[in-house]
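*Asks:* coords below, sequence missing:
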């Protein structure tokens, strides 16, 4: 969730903005519809995407087998080019009109900064 206290990174693409805290902010007019007109499916896709970002940022430095496995599976989900499954990363990006390569680049850049202590 984005709060007014969050520092918003103004680098964006297709209405997706990453905040410095790792949250994603989706412009209120994604798919050219106000937030209240989004379908339940679109809201679910946004929730899946936010959950995946949260998992990557939370478990990127995990030391437990559970945390490492969760990070690895989620990283694989982000890096997959699969479009056959409705809730694959690529399918969600297609539905939300977001460039998946841009999204990956921003996410992995954020992970790199955290891992190297430059956050």
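*Replies:* It's in. Worth saying up front: this structure is predicted, and the values here are computed from it rather than measured. Residues are numbered from 1 along each chain as shown.
*Asks:* Could you use CA atoms for every contact and neighbour count after this?
*Replies:* OK.
*Asks:* those strands in this structure, which residues are they?
*Replies:* For the chain, the strands defined by DSSP state E occupy 8-13, 16-19, 24-26.
*Asks:* and the ones you listed, which one's lowest on average pLDDT?
*Replies:* Lowest mean pLDDT of the strands of the chain: strand 8-13, a mean of 39.
*Asks:* And the longest helix seen in the chain, what does it pack against?
*Replies:* Longest helix of the chain, by residue count under DSSP state H: helix 40-59. Under the contact definition 3 or more Cα pairs under 8 Å, 6 or more residues apart in numbering; DSSP states H and E, helix 40-59 sits against helix 65-79, helix 89-96, helix 100-115.
*Asks:* Save those helices as JSON lines, and put in mean pLDDT too.
*Replies:* Shown next, in JSON lines, are those (pLDDT from 0 to 100):
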{"stretch": "helix 65-79", "mean pLDDT": "97"}
{"stretch": "helix 89-96", "mean pLDDT": "92"}
{"stretch": "helix 100-115", "mean pLDDT": "85"}
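*Asks:* export the ones you listed to TSV and tack on mean neighbour count?
*Replies:* Formatted as TSV, the helices and strands packed on helix 40-59 follow (neighbours: other Cα atoms under 10 Å):
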stretch	mean neighbour count
helix 65-79	16
helix 89-96	19
helix 100-115	15
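*Asks:* Can you add distance to residue 59 and give those back as CSV?
*Replies:* Below are those laid out as CSV (distance: least, Cα to Cα, whole Å):
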stretch, distance to residue 59
helix 65-79, 5
helix 89-96, 18
helix 100-115, 10
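*Asks:* Since that was my last question, I'll sign off now.
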